[in-house]
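Student: My questions concern the predicted model and sequence given below.
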Amino acid sequence: MKLIGLVAASVAMASAEVYFQETFADGAAWSERWTHSDNKVSEGAAGKFTLDAGAFYGDAEGDKGIKTSEDARFYNIAAPLTKAFSNEGKDLVLQFSVKHAQNIDCGGGYIKLFPSGVDAAKMTGDSDYNIMFGPDICGSSNKKVHVIFTYKGKNHLIKKTIPCETDERTHVYTLILKPDQTYEVRIDGDKKESGSLTEDWDFLEPKEIKDPAQSKPSDWVDEAQIDDPADIKPEGHDDIPKEVVDPEASKPDDWDDEDDGDWEAPMVANEDYKGPWHAKRIENPDYKGPWEHPKIANPDYTEDVEIYKFADNALVGFDLWQVKAGSIFDNIIVTDSVEESEKFLAETFTATQEAEKESFDAMKKKKADEDDAARKAAEAASAADDDEEDDEEEPAKHEEL
């Protein structure tokens, strides 16, 4: 049985295809594979990606990726897959890493998978795409993972909210799309969300709709409780005032009616006041429960077992707006094998994350030490200035004496 399992696993790995894999490990050669779009160039609003590992990393060369380099810019860049493909009948895995080393306050960090009709040199935010996936952060309320699929010409957002990572270190985002119409989202290899395409997106019309020929009967009673008709408001209830004159108050001895006017005693809360009267509530003997609108089959509903399928996948790229630049994108893979994506994650992210943490902690400590030294220097300079001022004032005091 173990031998059969090993053979099956070997066959699966052998049949797996990797349509794109990028580590930016060959220096400047990456720019020959990737094309910056001319979108926003004439307006001076287009940003350029540069090759960089950032101020902290696990591997100075291996962790280099393409970094957004200018604040308040649009970023549009794409690269062709090794070949265009259809994911019919097989998994589609889209995975990449992003390091928001600038402590991003507002900007996108997502990737897109495009069909072959898109020209990378002309790509804009309006260009057709198949999948848009990854983190988006703007302010304190919008910090989520986008999972958007294009279906019949319309972009559909996931109905669930998937929180994204918000710190400055590297994180890996993985989307797995399966031919059984299910999906899975992982962050750093850990599953964060999964489910059904038909349940978590509004691709299709609902199977049932409210019967337009039916409406709630006019005599339907949906009040669970009513006022007790036997409960009568006590006589004189409304005559009790909310406030009364303070019986302990007396006109001050120094009160002058001519100068101060007529004295009026202050009002205080009336202990006998009971507030507005309300009849007791009792169960309604005629209550029928909530009325439920009868449903009928939706004539506009059509089943589709191929929502997951994208017949033409040809390019991968980034279409972003960032207020504060500095995000580094790396280790991109497009494949039909979850195992290949896991192997790639282990070789890249997992292999360097501990070293990156040490580098990050060291950077933070150095910055804290520098800030502390600067603070102490500023305090010393301020104290020296105060001493000089005191020395300048002393001769003047002696002259006065």
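Tutor: Arrived safely.

Student: now the biggest strand by length in the chain, how far from the centre of its chain.
Tutor: Ordering each strand of the chain by length in residues (DSSP state E) puts strand 73-85 first. Relative to its chain's centre, strand 73-85 lies at 24 Å (Cα atoms, centre = their mean, to the nearest Å).

Student: same check, this time on stretch 298-305
Tutor: On the basis of Cα atoms, centre = their mean, stretch 298-305 sits 32 Å off its chain's mean C-alpha point.

Student: Flag every buried residue along that stretch.
Tutor: Within stretch 298-305, no residue is scored as buried using 16 or more other Cβ atoms under 10 Å. For glycine as for every other residue, the C-beta is placed from the backbone atoms N, C-alpha and C.

Student: average model confidence for that stretch?
Tutor: The predicted model gives stretch 298-305 an average pLDDT of 95.

Student: Residues contacting it, please?
Tutor: For stretch 298-305, the surrounding residues in contact (Cβ atoms under 8 Å, 6 or more residues apart in numbering) are 181, 203, 204, 205, 206, 207, 208, 209.

Student: Next: stretch 180-192.
Tutor: Under Cβ under 8 Å, 6+ apart, the answer for stretch 180-192 is 145, 147, 162-165, 171-178, 193-198, 200, 305, 307-308, 342, 345, 349-350.

Student: what's the answer for stretch 363-383, then?
Tutor: Against stretch 363-383 from outside (Cβ under 8 Å, 6+ apart): 55, 56.

Student: Export that stretch to PDB, keeping only CA atoms.
Tutor: Only the C-alpha atoms of stretch 363-383 are listed here, as PDB (Å, rounded to 0.1, in the frame of the first residue of the first chain):
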ATOM      1  CA  MET A 363      17.200  46.900  12.400                       C
ATOM      2  CA  LYS A 364      14.600  48.000  14.900                       C
ATOM      3  CA  LYS A 365      17.100  47.900  17.800                       C
ATOM      4  CA  LYS A 366      19.600  49.900  15.800                       C
ATOM      5  CA  LYS A 367      16.900  52.500  15.000                       C
ATOM      6  CA  ALA A 368      15.800  52.600  18.700                       C
ATOM      7  CA  ASP A 369      19.400  53.100  19.800                       C
ATOM      8  CA  GLU A 370      20.000  55.800  17.300                       C
ATOM      9  CA  ASP A 371      16.800  57.600  18.400                       C
ATOM     10  CA  ASP A 372      17.800  57.300  22.000                       C
ATOM     11  CA  ALA A 373      21.200  58.700  21.300                       C
ATOM     12  CA  ALA A 374      19.700  61.600  19.300                       C
ATOM     13  CA  ARG A 375      17.300  62.300  22.200                       C
ATOM     14  CA  LYS A 376      20.100  62.300  24.700                       C
ATOM     15  CA  ALA A 377      22.300  64.600  22.500                       C
ATOM     16  CA  ALA A 378      19.400  67.000  22.100                       C
ATOM     17  CA  GLU A 379      18.800  67.000  25.900                       C
ATOM     18  CA  ALA A 380      22.500  67.700  26.500                       C
ATOM     19  CA  ALA A 381      22.600  70.500  23.900                       C
ATOM     20  CA  SER A 382      19.500  72.100  25.500                       C
ATOM     21  CA  ALA A 383      21.100  71.900  29.000                       C
END
